[in-house]
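Novice: Give me a model of this one.
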Amino acid sequence: MSELTDRINFLARKSKTVGLTDAEKLEQAKLRDEFRAAFRRNFELQLENTTFVDENGNVIDHKKGKK
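Specialist: Now for the predicted structure:
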């Protein structure tokens, strides 16, 4: 993921200074979509390993919203 963010950041800096070609704009959009998809996958995995507890101390299943 580091290579992905490095390239996204490079294109962002370049867009602010000299601008991007049409091909680079497409690449930037594609990379951002890939980053968001990876972020969502990682976040969902993190939630699966998270325990929610209500104010009464009951453990709640985050998928079903039930005890």
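
Novice: Pick out the residue nearest the middle of the protein.
Specialist: The C-alpha lying nearest the average C-alpha coordinate of the chain belongs to F39 (Cα atoms, centre = their mean; 2.3 Å).

Novice: What's the mean pLDDT across the helix or strand harbouring it?
Specialist: According to DSSP states H and E, F39 maps onto helix 22-48. Averaged over helix 22-48, pLDDT sits at 95.

Novice: What is it packed up against?
Specialist: helix 2-17 (3 or more Cβ pairs under 8 Å, 6 or more residues apart in numbering; DSSP states H and E). (Glycine included, C-beta is placed from N, CA and C.)

Novice: So for the helix it packs on, what gets flagged as buried?
Specialist: Across helix 2-17, burial judged by 16 or more other Cβ atoms under 10 Å covers I8, L11.

Novice: Report the angle between it and helix 22-48.
Specialist: Orientation check (axes from the mean of the first three to the mean of the last three Cα atoms, to 10 degrees): helix 2-17 against helix 22-48 gives 130 degrees.

Novice: residue furthest from the geometric center of the chain?
Specialist: Of all residues in the chain, N56 has its C-alpha farthest from the mean position, at 32.6 Å, by Cα atoms, centre = their mean.

Novice: Can you read off the pLDDT for that residue?
Specialist: You'll see N56 listed with a pLDDT of 93.

Novice: What are the phi and psi values at it?
Specialist: When quoted as degrees, to the nearest 10, the phi and psi of N56 stand at phi -90, psi 0.

Novice: Spit out the contact partners of it.
Specialist: Contact partners of N56, counting by Cβ atoms under 8 Å, 6 or more residues apart in numbering, are absent.

Novice: Relative to K63, how far out is it?
Specialist: Going from N56 to K63 by Cβ to Cβ, to the nearest Å gives 20 Å.

Novice: now A29
Specialist: The spacing between A29 and K63, counted by Cβ to Cβ, is 32 Å.

Novice: out of the two, which sits in the busier spot?
Specialist: Shown here are A29 and K63; by other Cβ atoms under 10 Å, A29 has more neighbours (11 against 8).

Novice: check contacts around the more buried one.
Specialist: Contacts of A29 by Cβ under 8 Å, 6+ apart: none found.
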